[in-house]
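A.B. asks: predicted model and sequence follow; I will ask about them next.
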Amino acid sequence: MASSTLLGHVDDIILTASSSEVLCQIISALQHEFSMKDLGKLHHFLGMKVQHRDGCMFLSQQQYMMETLDRAGMAECKPYSTPVDTNPKVSTDVGQPVQDPTYFRSLAGALQYLTFTRPEIAYVVQLSDTRKSTSGYAVFLGDNLISWSSKQQNIVSRSRAKAEYRVVAIAVAEASWLHQLPSELQSPLHRSTLVYCGNISTVYMSANPVQHQHTKHIEIDLHFVRERIALGDVRVLPIPTSFQYADIFTKGLPSSVFMEFWFSLNVRCTNALDGTWLDKLRAGEAGAPGDDMKAFRYTMFCLLVRQEARGGPWLELRLEVVKDPKF
């Protein structure tokens with residue numbers, strides 16, 4: 001059965017289909033009804049630049065980043081190894097209010113939009129001081145990071161296990177939708193979604209069918225996740241901290257750990273994308289493109305998407321929750 005997916009924003013459209021023939025038919029039908037132009041292979045969309053190189057796509061917002069830095073008066077500032085202090089001291093109760101709140105909010109909004117291709121700054125652009133837990137997850141399709149989140153939970157949790165189980169349910173719901181999407185494009189995923197969680201209590205709760213008094217506040221989340229596990233759609237597994245990439249969405253990390261996780265999210269320095277480095281990348285042997293932090297300019301990064309995942313497609317989640325580090 002032929003299928004297609006259309007993503008539209010005002011007069012900008014991205015269209016994909018299960019075959020090139022179906023794609024051409026849809027474009028012809030749209031052009032018959034509307035005044036529109038086929039711009040060919042995707043190369044720009046809503047300020048994002050798409051580059052196609054040797055079986056990979058590189059998504060970047062270089063021009064948008066340069067304009068944001070210039071608007072903030074920071075175009076000539078030197079880069080820093082991590083975007084957030086590992087011991088944050090920012091508080092809503094300390095310091096003088098900004099003179100122009102509208103200007104400040106516009107810059108904060110610009111940074112949030114930048115997280116579409118710079119996921120490693122998702123935590124710092126929404127940092128605040130409350131007792132609510134910060135939850136984060138990363139969804140990979142094969143080697144490709146396709147969805148991520150870093151946000152504070154709506155309510156204060158009395159235990160880390162409860163806070164983490166809430167984000168398990170949210171992430172499993174996201175993965176369930178993403179798992180279905182390739183099937184609509186005639187490329188179904190045949191493996192269970194792997195959910196890696198750093199809290200061992202949460203892993204046990206997902207496998208234990210017995211309800212306890214301490215879990216009654218998250219009973220709906222428990223039933224939802226266990227149902228997906230019973231259907232074979234999801235497996236919840238423990239993961240050591242050294243491989244928990246989702247930590248980058250929930251707290252400030254030391255430079256060495258930050259850079260390792262940053263690279264695991266497939267964020268790359270664009271001026272390091274030469275042929276030799278790409279060959280190593282496809283073979284899984286590429287390391288970080290140099291240790292000189294001057295090379296890692298904020299205006300020179302992109303998000304890598306491999307068009308063919310190594311070892312076939314599969315869906316994988318990594319998630320983490322932390323309490324506000326100041327409490």
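C.D. replies: Perfect, I can see it now. Numbers count the residues shown, from 1 in each chain.

A.B. asks: isn't there a strand covering S135?
C.D. replies: Yes - counting by DSSP: H, G, I helix; E, B strand; the rest coil, S135 is found in a strand.

A.B. asks: just the pLDDT for it.
C.D. replies: pLDDT, S135: 84.

A.B. asks: do the same with the one 5 residues further on
C.D. replies: On pLDDT, F140 comes in at 87.

A.B. asks: from L178, how far out is it?
C.D. replies: For F140, the distance to L178 equals 10 Å [C-beta to C-beta, to the nearest Å]. Quick note: C-beta positions are derived from backbone N, CA and C, even for glycine.

A.B. asks: out of the two, which sits in the more crowded spot?
C.D. replies: F140 (21 against 17; other C-beta atoms under 10 Å).

A.B. asks: after the host helix or strand of the more buried one, which helix or strand is next?
C.D. replies: Using DSSP states H and E, F140 sits in strand 134-141. Moving toward the C-terminus from strand 134-141, the first helix or strand encountered (DSSP H and E) is strand 144-152.

A.B. asks: which of the residues in that following strand are buried?
C.D. replies: 144-145, 147-152 (16 or more other C-beta atoms under 10 Å).

A.B. asks: dump those to JSON lines, plus pLDDT and distance to M259.
C.D. replies: Listed next are those as JSON lines, based on pLDDT from 0 to 100; distance: C-beta to C-beta, whole Å:
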{"residue": "N144", "pLDDT": "83", "distance to M259": "20"}
{"residue": "L145", "pLDDT": "87", "distance to M259": "16"}
{"residue": "S147", "pLDDT": "88", "distance to M259": "22"}
{"residue": "W148", "pLDDT": "89", "distance to M259": "18"}
{"residue": "S149", "pLDDT": "88", "distance to M259": "22"}
{"residue": "S150", "pLDDT": "88", "distance to M259": "18"}
{"residue": "K151", "pLDDT": "84", "distance to M259": "24"}
{"residue": "Q152", "pLDDT": "81", "distance to M259": "25"}
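
A.B. asks: show me which of the residues you listed is closest to L23.
C.D. replies: For the buried residues of strand 144-152, the minimum distance to L23 (C-beta to C-beta) is 21.4 Å, reached by N144.

A.B. asks: packing partners of the strand holding F140?
C.D. replies: Applying 3 or more C-beta pairs under 8 Å, 6 or more residues apart in numbering; DSSP states H and E, one finds that strand 134-141 makes contact with strand 144-152, helix 160-184, strand 315-322.

A.B. asks: and the contacts of stretch 15-25?
C.D. replies: 2-7, 26-27, 185-187 (C-beta atoms under 8 Å, 6 or more residues apart in numbering).

A.B. asks: repeat for stretch 148-156
C.D. replies: 119, 122-123, 126, 128, 130-139, 163, 166-167, 170-171, 174, 249-250, 265, 321.

A.B. asks: likewise for stretch 177-186?
C.D. replies: 1-3, 5, 16-19, 139, 141, 146-147, 188-189, 193, 233, 313, 315.
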